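>>> here you go, sequence then predicted model.
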Amino acid sequence: MLRDAGESAERVPLSGSAGGSFSGDIEWLGRPWEVKARSSGQGWQTLERWLEQSEVAGLVLVADRQAPRVYLRLSDLLGLLNAEKHRPSALENGRADRPDS
């Protein structure tokens, strides 16, 4: 999926079961990622319902005393990353942080 979208991603040998530098299922954006697949989607049906019914880009999930997590469609994440790649930098806009002279 990621390679089809033009992203550089690699499967991790043994799907990460080797551990160490081989953690996760894929290596993408310089980080290990787990890939979970279920034919019925059982286990995240409530998340899917919230995402579809609300017509939102994604969900921020917050459990008590835990770091927030984000759940969104892969296509939306790729769109955000692509938009960020093509966003002009502060230097290109003449807004570089510099002291007034």
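Received, thanks. Numbers count the residues shown, from 1 in each chain.
>>> which residues touch residue 59?
47, 50-51, 70-72 (C-beta atoms under 8 Å, 6 or more residues apart in numbering). Any C-beta I mention is one placed from the backbone N, CA and C, and that applies to glycine too.
>>> if you set the cut-off to 6 Å instead, what comes out?
By C-beta atoms under 6 Å, 6 or more residues apart in numbering, the contact list for residue 59 reads 50, 71.
>>> what sits up against the helix ranked longest in the chain?
Looking across the chain with DSSP state H, the single longest helix is helix 74-85. Counting contacts by C-beta under 6 Å, 6+ apart, the residues outside helix 74-85 that touch it are 5, 57.
>>> just the CA atoms of that helix, as CSV, please.
Included here for helix 74-85 are C-alpha records, laid out as CSV according to Å, rounded to 0.1, in the frame of the first residue of the first chain:
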residue,chain,number,x,y,z
LEU,A,74,-3.9,5.7,5.7
SER,A,75,-5.0,7.7,2.7
ASP,A,76,-5.6,10.8,4.9
LEU,A,77,-2.2,10.3,6.6
LEU,A,78,-0.5,10.1,3.2
GLY,A,79,-2.4,13.2,2.1
LEU,A,80,-1.2,15.1,5.2
LEU,A,81,2.4,14.0,4.6
ASN,A,82,2.2,15.0,1.0
ALA,A,83,0.8,18.4,1.7
GLU,A,84,3.6,19.0,4.3
LYS,A,85,6.3,18.0,1.8
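>>> tell me how far that helix is from the chain's mean position?
Taking C-alpha atoms, centre = their mean, to the nearest Å, one finds helix 74-85 lying 9 Å from the centre of the chain it belongs to.
>>> pLDDT on it, on average?
Helix 74-85 shows an average pLDDT of 86 in the prediction.
>>> same deal with stretch 33-44?
If you average the per-residue pLDDT over stretch 33-44, you get 82.
>>> for residue 59, helix, strand, or coil?
strand (DSSP: H, G, I helix; E, B strand; the rest coil).
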